[in-house]
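Visitor: could you look at this predicted model? Sequence included:
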Amino acid sequence: MLSNLNAKQTGLILVLVPIVIELIFVAVVAMELMEAGKDLQQLRHVKATLTQLHKMQDRCIQTFYILSDKDKHSFEERSSQLNKLVGEFSQPYTWGKLNLSGAPELKVLLEEAEEFRKSALRLVDMIPLHRGWSHNSDRTNRHQNELLITAAMEQERLAKEVVRIEQSLIKHEPEDFLNLQIKFIAIILFGFLLNVAVAIFLVKVFIGNMQKRVDIVAHKGELLALGQAVPAALSGKDELADVDRVFTDASSILSEIRWTESAVLDNAADVICSLDEKMRFSTVGASSSKVWGHPPDSLVRKSIMAVVTDDTAEASRQALERIRESRGEGKFENVIRTDDGTLKDSLWTVTWSAEKQNYYCVVNDVTEMRNVDRLKKRFIAMASHDIRSPLTAIAIVLQALTSGKRGELPAGVMKELERAGNNSQRLLTLVNDFLELEKLESNKFSVTPEPVAASEICNAARESLLGLSAKSNVSIICPKNDTVLQGDERRLVQVIINLLSNAIKYSPPNSTVRILLETDKTTATLKVCDEGPGIAPEDLHLLFDRFQQTKSKPELNIKGTGLGLAIVKNIIEAHGGEVGVSSRLNAGSTFWVRIPRFIDDEENGR
């Protein structure tokens, strides 16, 4: 029943019930005050009646005294006094608004006083008044005195009764006031205790019921936040029931969503999981059983290093740390050891949440793709080794023919031989790039980091390309500032040569290619800036992949293997550095590489 009351109705009850009780209490106090007022008025009337009886007695005594003493009082005085008494006693006393129902003694007294009044009137008729002496005076006087004595005795008895009743009133008056006071105190105390009891009852019934329902709704909110099922909705029509129904509906919707997500995640071809800040699995999708052979429960709280191979564990840890430090997203590859010992190549797409302190990962099984890549590399490496020797022999023969060592040849033949020599040289360059890239990607090469001046690397690369720049009518400007790098000099020169050759190829005649050097506390950045046609934004992310070239200006018809920038990326990453490019169409391009600086002991001390 209480659950059907809304907040407004409950508030009205909590306000109106105490008000009604207060009104009843005030009404009871008012009735008691009115009753006390009536009792006080009755007491005043009783006192006034007793006072009037006293006056009546005094008048009778005074009249009887004057009538009995003929020597001292004249006939006129006695006659006047008697007439006054007759005048006062001739009409019955009404005694005002006196209520005699609650005072039986007073009622009897007043009835006797009325009889006394009538007797007094009869006595007056029986008492003759004479001016002078009479022969019957002695006998009359005796009879008159007897009547007066009888009346006086009756008067005395009434007087004593009046005094007794008056003394009784005086005696009980303090007690009556004390009882009245106690009664009012009891009423007030009862009203206070009743208010307290009603307040406690209301709090227990209404607030207790509300608190219980609030606790139920709050518990449902906690269950909803934890993704657990919530109990059935509360009954009732109040606001809490409405909120509870919202929670129940939300739980049903979320359960359906979770079921859908679970169905998608558990049946996905990829493993979806999360790692805590210590790189331990916190949640794992059911697809891990199918893909890796590891049930989700066996992976939770286990480090990622426990499922990757030893040779990829450190790289995985460093990749996750870089993603966390950058507070963004990243990708890396490693090899997962499945439950049956099979090795699977995996591509991890990771997002770091600083708020949750968790890595959220999607792990793709790229084993087949990497197997195909390895087959391609093996084929290319084998083909390159088998092709390089014949190409070298052909190039030597063509060079000997075009140099005239085999005799003079017709001009047409010489032209064809030069074309064949250029093509063979381009094929030999392609084969060499293939071999170089295969060596870089298979980690079959090593860099030997040593302190080397950036200016030496830039100047060496410039000197190597003076012929190409002169032929293309492009100037190369090296940086005026300098710093010491920590790297393999030969490999870094190769990097700058690749970047400069690309810049020269795409630069218009009479333009300039600049090499800029920027440094910070621990790294140095070398930038190669050209004035070429620029690169479309959609092509930027492809440039460092194999066999990729910009398509911004197809009319330039620039020939190349598409492997130069891939080689640059592998060499720089082997140094623990980064590569990148920024460009705008028709505004030139800037390729940059960032590698560690050499920090000496003195600089470390600072």
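Guide: Thanks, I have it. For clarity, every value in this text was computed on a predicted model and none was experimentally measured.
Visitor: point me to the helix or strand that includes the spatially closest residue to L343 that is not a sequence neighbour.
Guide: Excluding its sequence neighbours, the residue lying closest to L343 (C-beta to C-beta, 6 or more residues apart in numbering) is V335, at 5.2 Å. For every residue, glycine as well, the C-beta is placed using N, CA and C. If you go by DSSP states H and E, V335 is part of strand 329-337.
Visitor: in the helix or strand following that strand, what's buried?
Guide: Sequence order places strand 343-353 as the next helix or strand after strand 329-337, per DSSP H and E. By neighbour count on 16 or more other C-beta atoms under 10 Å, the buried set for strand 343-353 is 344-348, 350, 352.
Visitor: show me what the strand holding V335 is packed up against.
Guide: If you count contacts as 3 or more C-beta pairs under 8 Å, 6 or more residues apart in numbering; DSSP states H and E, strand 329-337 packs onto helix 310-326, strand 343-353.
Visitor: do I have it right that the residue nearest to L343 meets L347?
Guide: No. V335 is beyond contact range of L347, at 11.0 Å (criterion: C-beta atoms under 8 Å).
Visitor: what's the neighbour count on R374?
Guide: R374: 12 surrounding residues under other C-beta atoms under 10 Å.
Visitor: no no, V366
Guide: The number of residues packed near V366 is 15, by other C-beta under 10 Å.
Visitor: next, it: phi, psi?
Guide: In terms of degrees, to the nearest 10, the main-chain angles of V366 are phi -110, psi 20.
Visitor: check contacts around it.
Guide: V366 is in contact with 333, 345-347, counting by C-beta atoms under 8 Å, 6 or more residues apart in numbering.
Visitor: try 6 Å
Guide: Contact analysis of V366 by C-beta atoms under 6 Å, 6 or more residues apart in numbering lists 345, 347.
Visitor: please renumber so the chain begins at 49
Guide: New numbering, starting at 49: the last item is V414.
Visitor: quickly list the domain ranges of the chain.
Guide: Split into domains by automatic domain parsing, the chain comes to 50-258, 316-413, 420-488, 494-653.
Visitor: quickly list what the residue nearest to L391 is bridged to.
Guide: D393 (DSSP bridges).
Visitor: where do the strands sit along the chain?
Guide: Assigned by DSSP state E, the chain shows strands spanning 319-324, 329-332, 377-385, 391-401, 406-413, 498-501, 522-525, 532-535, 559-567, 571-577, 626-631, 637-644.
Visitor: I'd like the average pLDDT over the strand holding V383.
Guide: Mean pLDDT, strand 377-385: 90.
Visitor: which residues touch D413?
Guide: 339, 392.
Visitor: any idea what it is bridged to?
Guide: Using DSSP bridges, the bridge partners assigned to D413 are S394.
Visitor: state the pLDDT value of it.
Guide: Per-residue pLDDT puts D413 at 89.
Visitor: tell me how far it lies from Q110.
Guide: Per C-beta to C-beta, to the nearest Å, D413 is found 137 Å from Q110.
Visitor: got it, and P343?
Guide: P343 sits 127 Å away from Q110, going by C-beta to C-beta.
Visitor: same check on T415?
Guide: Separation of T415 from Q110 (C-beta to C-beta): 142 Å.
Visitor: equivalent analysis for A509, please.
Guide: Distance of A509 to Q110, given as C-beta to C-beta: 155 Å.
Visitor: does the residue nearest to L391 really touch V355, like I thought?
Guide: No. Between V383 and V355 there is no contact under C-beta atoms under 6 Å: 9.8 Å.
Visitor: quick revisit: most packed of the strands of the chain?
Guide: Among the strands of the chain, strand 532-535 has the highest mean neighbour count (mean count of other C-beta atoms under 10 Å), at a mean of 24.
Visitor: in CSV, list the C-alpha atoms belonging to that strand.
Guide: Extracted as CSV, the C-alpha positions of strand 532-535 are listed here (Å, rounded to 0.1, in the frame of the first residue of the first chain):
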residue,chain,number,x,y,z
VAL,A,532,77.5,13.9,-32.7
LEU,A,533,75.3,11.0,-33.5
GLN,A,534,75.4,7.5,-32.0
GLY,A,535,75.1,5.3,-35.1
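Visitor: quick one: average confidence on that strand?
Guide: For strand 532-535, the mean pLDDT works out to 92.
Visitor: then stretch 475-493?
Guide: Per-residue scores along stretch 475-493 average to 64.
Visitor: stretch 300-310 too?
Guide: Stretch 300-310 comes out at a mean pLDDT of 71.
Visitor: quick one: contacts for T360?
Guide: Counted by C-beta under 6 Å, 6+ apart, T360 has contacts 382-383.
Visitor: now with 10 Å?
Guide: 353, 367, 380-385, 391, 393-394 (C-beta atoms under 10 Å, 6 or more residues apart in numbering).
Visitor: for D358, same thing?
Guide: Contacts here follow C-beta under 10 Å, 6+ apart; on that basis D358 touches 383, 385.
Visitor: pretty sure T571 sits against L565.
Guide: No. If you go by C-beta atoms under 10 Å, T571 and L565 don't touch, sitting 11.4 Å apart.
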